[in-house]
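> sharing a model prediction with you, sequence too.
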Amino acid sequence: SQQGEEDPQALSIQEGENATMNCSYKTSINNLQWYRQNSGRGLVHLILIRSNEREKHSGRLRVTLDTSKKSSSLLITASRAADTASYFCATAGAGSYQLTFGKGTKLSVIP
Amino acid sequence: NAGVTQTPKFQVLKTGQSMTLQCAQDMNHNSMYWYRQDPGMGLRLIYYSASEGTTDKGEVPNGYNVSRLNKREFSLRLESAAPSQTSVYFCASSDGTYWEQYFGPGTRLTVT
């Protein structure tokens, strides 16, 4: 069963705008990760945030984690056409060897 | 440094045929994984190998078998392919079970 659920399912923005996507999950986690998938390609790891962290930055990416609400958000600032891709959150459950992926948010950045 | 490689890239099978998908990583990672990706479904874990010599079932293991041949290689076998196994298959590896995973380019499989 899917652990993470991304919202929205699809998002279309103009180049230069910020893009925010959200992820909700159901059980306790060790960490939460975000991945990007360009059309027809494998997934690429973007950022990992541990359960005891609240916010993390990497370049134009900002991830927040609220374990009390079991939710995370990914913010991409000053988006570019090259950011067009699907974005997935994945949770590593406490005591589990498995990484469970959500269904993804499809982001389109219009030049 | 090729990362994670998968062969073949594309395959068409008839119902009932068998085949093996190959995966290799050159990052000296302990853990390896097989996923399938279907439209609108995200990725679902088929099998994983936490370390060399061990394999375990994931969310959707029925109809598949795996072999962790050595630390580098992890293969996925379909003994009797069914149309429901039409999907894109991804192999991944990681340094540990909680850490980020590195994905191969995928195998697009069609079963007719």
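Received, thanks.

> contacts for stretch B:49-56, please.
Contact with stretch B:49-56 is made by A:97, B:30-33, B:47-48, B:66-68, B:70-71, B:74, B:97, as judged by C-beta atoms under 8 Å, 6 or more residues apart in numbering or on different chains. In short, each C-beta sits where N, CA and C put it, glycine included.

> who touches the closest residue to chain B within chain A in this structure?
Residue nearest to chain B within chain A (C-beta to the nearest C-beta): A:G42, separated by 3.6 Å. Counting by C-beta under 8 Å, 6+ apart, A:G42 makes contact with B:4, B:90, B:92, B:103-106.

> list the beta-bridge partners for the spatially closest residue to it that is not a sequence neighbour.
Excluding the flanking residues, the one nearest A:G42 by C-beta to C-beta, 6 or more residues apart in numbering or on different chains is B:F103, at 3.6 Å. B:F103 forms beta bridges with B:A92, as assigned by DSSP bridges.

> one step back: determine which two of the contacts of A:G42 are furthest apart.
By the measure C-beta to C-beta, B:A92 and B:P105 form the most distant pair in those, at 11.3 Å.

> B:F74 contacts B:C91, correct?
Yes: counting by C-beta atoms under 8 Å, B:F74 does reach B:C91; the two are 6.5 Å apart.

> quick one: common contacting residues for these two?
By C-beta under 8 Å, 6+ apart, the residues touching both B:F74 and B:C91 are B:23, B:32-34.

> name the nearest of these relative to chain A.
Distance to chain A across the shared contacts of B:F74 and B:C91 (C-beta to the nearest C-beta) is lowest for B:Y33, with 7.6 Å.

> what helix or strand is the closest one located in?
B:Y33 is part of strand B:31-37, with elements assigned from DSSP states H and E.

> just checking, next helix/strand downstream of that strand?
For strand B:31-37, the following helix or strand on the C-terminal side (DSSP H and E) is strand B:43-49.

> which regions of chain B sit below the pLDDT cut-off?
By pLDDT under 70, the low-scoring segments of chain B are B:97-98.

> apply 80 and report the result again.
Low-confidence segments of chain B (pLDDT under 80): B:1, B:40-41, B:96-98.

> all strands of it, in order?
For chain B, applying DSSP state E gives strands covering B:4-7, B:10-13, B:19-25, B:31-37, B:43-49, B:56-57, B:64-68, B:74-78, B:87-94, B:102-103, B:107-111.

> comparing the ones you listed, which comes out most buried?
Of all those, strand B:31-37 has the most neighbours on average by mean count of other C-beta atoms under 10 Å in any protein chain shown, namely a mean of 25.

> so what does that strand touch, helix or strand wise?
Packing partners of strand B:31-37 (3 or more C-beta pairs under 8 Å, 6 or more residues apart in numbering or on different chains; DSSP states H and E): strand B:19-25, strand B:43-49, strand B:64-68, strand B:74-78, strand B:87-94.

> for A:A94, see how far away the residue most central in space within chain B is.
Within chain B, one residue has its C-alpha closest to the average C-alpha position: by C-alpha atoms, centre = their mean, that is B:W34, at 3.0 Å. According to C-beta to C-beta, to the nearest Å, B:W34 stands 23 Å off from A:A94.
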